[in-house]
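**Q** the following block contains a protein sequence and its predicted model.
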Amino acid sequence: MPPNLATADTPCPLWRRLLALVYDLLIVVAIVMVVGLLCQLATGGNLIRTGATVVVPIWYQALQGAVVAAYFVSSWRRGGQTLGMRPWRIRVTRDDGGTLSLQQALIRVLVAAAPLVSLLLAPVLGLHATAWTLLVVWAGWFAVAMFDPRRRALHDIAAGTEVRRLD
């Protein structure tokens with residue numbers, strides 16, 4: 001069995017991770033748009049009801065979340081990289097340098113997405129305050145990487161993973 005070269009690489013700096021995340025955000029927007037189009041076609045354009053209040057079916061929200069999670073989990077399991085990670089030459093691995101298990105990938109995506117629960121505060125706080133709350137919580141999730149010797153964010157610590165530079 002050939003040695004895993006990822007174990008010889010250095011931990012990824014936070015700035016590279018965040019830039020890769022911006023790239024992945026573009027991919028996620030495209031995925032959400034395609035799923036939205038398919039669901040609109042399947043429901044004859046009656047997916048989201050508007051009026052005094054906007055009603056988005058819970059099954060649609062769950063489907064969008066599942067499809068986005070599947071993108072990340074399958075990317076991490078297949079080669080340790082999402083499309084956004086490739087240009088920045090970074091890869092997510094187990095602590096020992098191996099490929100993530102399904103359990104690790106699921107823990108990683110669920111912990112990384114946990115701040116989205118703050119969106120439930122929108123009716124109380126308003127959209128503007130809720131968006132800032134979400135941003136602050138996610139900043140905290142990643143700020144952990146500035147103090148961890150292996151530069152792991154909170155979701156990496158929870159899943160037993162690391163993001164490594166491939167240079």
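**A** In hand now; what should we look at?

**Q** all contacts plus neighbour counts: C-alpha atoms, from now on.
**A** Noted.

**Q** now the helices for this structure?
**A** 14-42, 58-78, 102-113, 122-125, 127-147, 154-159 (DSSP state H).

**Q** can you give me how far the fourth one is from the chain middle?
**A** A distance of 24 Å separates the C-alpha centroid of helix 122-125 from that of its chain, computed with CA atoms, centre = their mean, to the nearest Å.

**Q** between the helices of the chain, which one is closest to residue 86.
**A** helix 14-42 (8.0 Å; CA to CA).

**Q** where does pLDDT dip in the protein?
**A** 1-8 (pLDDT under 70).

**Q** give me the outermost residue of it relative to its centroid.
**A** If you look at how far each residue of the chain sits from its centre, by CA atoms, centre = their mean, the farthest one is residue 52, at 32.5 Å.

**Q** residues contacting that residue?
**A** Neighbouring residues of residue 52 by CA atoms under 8 Å, 6 or more residues apart in numbering: there are none.

**Q** for the one 4 residues further on, same thing?
**A** Remark: with contacts taken as CA under 8 Å, 6+ apart, residue 56 is in contact with 47-49.

**Q** just the buried ones from those?
**A** Taking 16 or more other CA atoms under 10 Å as the criterion, what is buried in the contacts of residue 56 is residue 47.

**Q** quick one: the residue farthest from the centre of the chain from residue 128, how far?
**A** Counting by CA to CA, to the nearest Å, the gap between residue 52 and residue 128 amounts to 20 Å.
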